[in-house]
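A.B. asks: Provided below for reference: sequence and predicted model.
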Amino acid sequence: MRAVRKLMQNFAEQSRDIAEHIASRWLEQIGEDGHVRERGHADPSKDLQPGRVAHALALCAAIGRPGTPQGPLVDAAARCIAGQFFHHCRPDCLAGCAHGALALMILGVNSAHNGCWAQFPESIRETIGRWMRSRADVPLALRPYEIVRATVAAGMGFVSSDSSEKLIGEFFRELLASPTGGFLDTAEPNSTPGRYDASGLFRLLLLRETLQRHANANVRERRLPALRSCMMHYLRMAPFLLQGDGSGWTYGDPAGCLGTVGNCTAIVCALADGWLDGDQRERYVALLCRYFQNFFFRHLDRESGDLLWEEGGEIPSGFGRAETAFAIVRQLALWYSFGKNVKDPFPGPAVAQIASGGRYFSFSSGGKWDHGLMVYGDGESGLSFQLPLVSPPRTVPTLSSAAFPRCSGIVRAVGDLPPLLPILTMEGKSIAPSFGGKSIATSLGISKEFQFRYEQPDLFALDGEAVPGLASCKVQWNFQGNRIRTEFNCTPKKVVRLERFYFAVPAPRRRETCPSPAPLWLGEGGWNPRILQDDFCGDWQPQHPGAQSEEDRPLCYVRLLPILLQPGRSYRFAISFELDIVREMP
């Protein structure tokens, strides 16, 4: 029974159709100068790099059905490539230029037969040639883009010698020998190290696509094992990232829909390359089906073929909507490219379910700060929490990486302050126990509750910057079924004036207009919060500085009167919840 082959062929064809529909809906946003404009805005997005869009359009044109005109896609890709290298050919635009170069290679390795190259004026050709021949010494996080540059430059004949294999070998040796062991820290230059989110997976997927298009097939075969070692770290996480509604990454950037489709691409790639076998294959195909259901039912308008943007179908990302749409098109095109090559059979898959229990994934340890991700799931209620200890990206608000437990449909942030996390305002800074820790540990209690604890010798402000010499903090989270208990112990290092203490419990989320399969909601009982200990002497107040409407307004535990905290004394705040969960089956 060749169930997987039939399943993946149908999946591949459907992915191509969706990619073509989404691309056609957004082509009109690409101007003659190659800049991409957001819908409803006459001016182009300043942060959007057209090379990323060109990559998506080139892939979409390359996978087009035989006999279908691809001229509009190729013309739009050419404008985007020209726009990237004319307006954004700078060192800080390395990512956009790399994507644009790969798009150029996809549309034709031989420049004489490349439809895009023929459209470029001589000045653009010279700029592209100079960029291809140049090299830059960049941090490990940006090395994949340098590898793309070297691969395209050699493959299209811009340079006589191929340095890509050396760069690839150095990259993987350094990454696998680092304390992360294969997870890629994508923190921007001159920012706090420790950004571990879906962006690392996307850069490894870019390397996989680059190897696929390498002019030397032997290089691909020699370097794929090292790539597999790194990508398997992310693939092992994928089943534990699954949320009750079928989404994946809930923190960092990209998250939401873009993070979910990234997981799908990684799984399809692993299936095509034969990295999974036996029960493992069946498990991951079931997981792929669940992730795809989330994308199809929650984020796709099945009548127009466009993406959903209204509340309930919002796609969180540091990108604008246009770049997010084309990023999704790029992933869908990769689903087709990899999915059509999945051939090995096994019996038809089921749909993946939430795994019960807790686990901690260590991203890095042994440095000034340790980073990782705690996940906890309860199969009976459908709850699945992700609590990250990672540095925030610059592309989105730091709230996206704050250390509070996220659960799709249950926990959501409102305004600029994170929920379920004490915010202490001291010396003019809003401080929270987030972005890294030490002495991180997990255990199983007597009553089989999962315990997660960490310490912070120094605290972080909500903008992601460390605040040394102020106070230390110990944090513990306990999870058991639908019950949560958390405790924070803050110990000042000097006499410090606490200007405000703030702790928010999210408001119950109203029903979405386009629910995905098996969504979770809070019932009338809500969170059922219970204060166990409070040395800050706060009180419940129905207020929130960022709430836009009455239904968004969470329950807040606040102390507004300032107090002096004494050094060496431990100030403890402990609270428990018993969630009233409503689980709607499809």
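C.D. replies: Cool, the structure landed. In this text the structure is predicted, and so the values were computed from the model without any measurement.

A.B. asks: which residues in the stretch 101-250 of the chain form strands?
C.D. replies: Here the stretch 101-250 of the chain has no strands by DSSP state E, counting those that start in this stretch.

A.B. asks: show me where pLDDT drops low in it?
C.D. replies: 110-113, 115 (pLDDT under 70).

A.B. asks: Thought residue 377 was touching residue 357, still the case?
C.D. replies: Yes: contact criterion C-beta atoms under 8 Å: residue 357 and residue 377 qualify, at 6.6 Å. (C-beta placed from N, C-alpha, C; glycine too.)

A.B. asks: Comparing these two, which residue is more hemmed in?
C.D. replies: residue 377 (27 against 14; other C-beta atoms under 10 Å).

A.B. asks: Tell me who's in contact with the more buried one.
C.D. replies: 240, 242, 354, 355, 356, 357, 358, 383, 384, 385 (C-beta atoms under 8 Å, 6 or more residues apart in numbering).

A.B. asks: Please, which helix or strand holds it?
C.D. replies: Using DSSP states H and E, the element containing residue 377 is strand 371-378.

A.B. asks: Convert the C-alpha atoms of that strand to PDB, please.
C.D. replies: Taking Å, rounded to 0.1, in the frame of the first residue of the first chain, the C-alpha atoms of strand 371-378 are listed here in PDB:
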ATOM      1  CA  HIS A 371      19.000  29.400  27.100                       C
ATOM      2  CA  GLY A 372      16.300  26.800  26.400                       C
ATOM      3  CA  LEU A 373      12.600  26.100  26.000                       C
ATOM      4  CA  MET A 374      10.200  24.400  28.400                       C
ATOM      5  CA  VAL A 375       7.300  22.600  26.900                       C
ATOM      6  CA  TYR A 376       4.400  20.900  28.800                       C
ATOM      7  CA  GLY A 377       1.400  19.100  27.300                       C
ATOM      8  CA  ASP A 378      -1.800  17.500  28.700                       C
END
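
A.B. asks: just how off-centre is the helix or strand just after that strand within its chain?
C.D. replies: Later in the chain than strand 371-378, the nearest helix or strand by DSSP H and E is strand 383-389. Taking C-alpha atoms, centre = their mean, to the nearest Å, one finds the center of strand 383-389 at 14 Å from the center of the full chain.

A.B. asks: Quick one: mean pLDDT for the helix or strand that comes right after strand 383-389?
C.D. replies: Using DSSP H and E, the helix or strand that follows strand 383-389 in sequence is strand 423-426. The average pLDDT within strand 423-426 is 92.

A.B. asks: Could I have the CA atoms of strand 423-426 written out in PDB?
C.D. replies: Provided in PDB are the C-alpha atoms of strand 423-426 (Å, rounded to 0.1, in the frame of the first residue of the first chain):
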ATOM      1  CA  ILE A 423       6.600  43.200  36.300                       C
ATOM      2  CA  LEU A 424       8.600  45.200  38.800                       C
ATOM      3  CA  THR A 425       9.200  48.900  38.000                       C
ATOM      4  CA  MET A 426      12.500  49.900  39.700                       C
END
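
A.B. asks: Name the residues that touch that strand?
C.D. replies: 417, 430-432, 462, 470-471, 490, 496-503, 565.

A.B. asks: In helices, which of those fall?
C.D. replies: Judged by DSSP state H, helices contain none of the contacts of strand 423-426.

A.B. asks: If you go by neighbour count, which of these are buried?
C.D. replies: 417, 430-432, 462, 470-471, 490, 496, 498-503, 565 (16 or more other C-beta atoms under 10 Å).

A.B. asks: Can you point out the buried residues in stretch 161-169?
C.D. replies: 162, 163, 164, 165, 167, 168.

A.B. asks: Closest one of the residues you listed to residue 447?
C.D. replies: Distance to residue 447 across the buried residues of stretch 161-169 (C-beta to C-beta) is lowest for residue 168, with 49.8 Å.

A.B. asks: ok so, going back, go through the buried ones among the contacts of strand 423-426 and name the one nearest residue 99.
C.D. replies: Of these, the one sitting nearest to residue 99 (C-beta to C-beta) turns out to be residue 462, at 32.0 Å.

A.B. asks: does that closest one really touch residue 403, like I thought?
C.D. replies: No: counting by C-beta under 8 Å, residue 462 stays clear of residue 403, with 11.2 Å between them.

A.B. asks: and stretch 223-232, which residues are buried?
C.D. replies: 223, 224, 226, 227, 228, 230, 231.

A.B. asks: Include distance to residue 272 when you put those residues into TSV, please.
C.D. replies: Formatted as TSV, these follow (distance: C-beta to C-beta, whole Å):
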residue	distance to residue 272
223	16
224	11
226	18
227	13
228	12
230	17
231	12
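
A.B. asks: what's the farthest-apart pair in these?
C.D. replies: 223 and 231 (12.2 Å).

A.B. asks: What is the burial count for residue 446?
C.D. replies: Residue 446 has 5 nearby residues by other C-beta under 10 Å.

A.B. asks: Give me the pLDDT for it.
C.D. replies: 80.

A.B. asks: Just say helix, strand or coil for it.
C.D. replies: Recorded secondary structure, residue 446: coil (DSSP: H, G, I helix; E, B strand; the rest coil).

A.B. asks: returning to that earlier point: show me whatever sits in contact with both of residue 462 and residue 403.
C.D. replies: 432, 434.

A.B. asks: Just the helices from the stretch 101-250 of the chain, written as ranges.
C.D. replies: For the stretch 101-250 of the chain, the helices defined by DSSP state H, counting those that start in this stretch occupy 115-119, 122-133, 143-155, 164-177, 198-212, 217-241.

A.B. asks: Now distance to residue 525 too, for the ones you listed, in TSV please.
C.D. replies: Output for the helices of the stretch 101-250 of the chain, formatted as TSV (distance: least, C-beta to C-beta, whole Å):
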stretch	distance to residue 525
helix 115-119	59
helix 122-133	59
helix 143-155	48
helix 164-177	47
helix 198-212	34
helix 217-241	28
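
A.B. asks: out of these, deepest packed?
C.D. replies: A comparison of the helices of the stretch 101-250 of the chain by mean neighbour count, using mean count of other C-beta atoms under 10 Å, puts helix 143-155 on top with a mean of 24.

A.B. asks: now that helix and helix 217-241, what's the angle there?
C.D. replies: 150 degrees (axes from the mean of the first three to the mean of the last three C-alpha atoms, to 10 degrees).

A.B. asks: Distance check, residue 360 against residue 335.
C.D. replies: 31 Å (C-beta to C-beta, to the nearest Å).

A.B. asks: Enumerate every residue touching the residue nearest to residue 141 when sequence neighbours are not counted.
C.D. replies: Excluding the flanking residues, the one nearest residue 141 by C-beta to C-beta, 6 or more residues apart in numbering is residue 186, at 4.7 Å. Residue 186 makes contacts with 141, 195, 196, 197, 199, 200, 203, 393, as judged by C-beta under 8 Å, 6+ apart.

A.B. asks: Equivalent analysis for residue 520, please.
C.D. replies: Counted by C-beta under 8 Å, 6+ apart, residue 520 has contacts 244, 245, 381, 382, 383, 407, 408, 409, 410, 581, 582, 583.

A.B. asks: before we move on, the earlier item: of the buried residues of stretch 223-232, which is the nearest to residue 212?
C.D. replies: residue 224 (9.7 Å).

A.B. asks: Widest-spaced pair of the contacts of residue 377?
C.D. replies: Among the contacts of residue 377, 242 and 358 lie farthest apart (C-beta to C-beta), at 14.2 Å.

A.B. asks: Counting neighbours, what do you get for residue 489?
C.D. replies: Neighbour tally, residue 489, other C-beta under 10 Å: 18.

A.B. asks: That one reaches residue 474, doesn't it?
C.D. replies: Yes: assessed by C-beta under 8 Å, residue 489 is found in contact with residue 474 at 4.4 Å.

A.B. asks: which residue packs closest to residue 578, ignoring adjacent ones?
C.D. replies: Residue 578 sits nearest to residue 528 (C-beta to C-beta, 6+ apart), 4.4 Å away.
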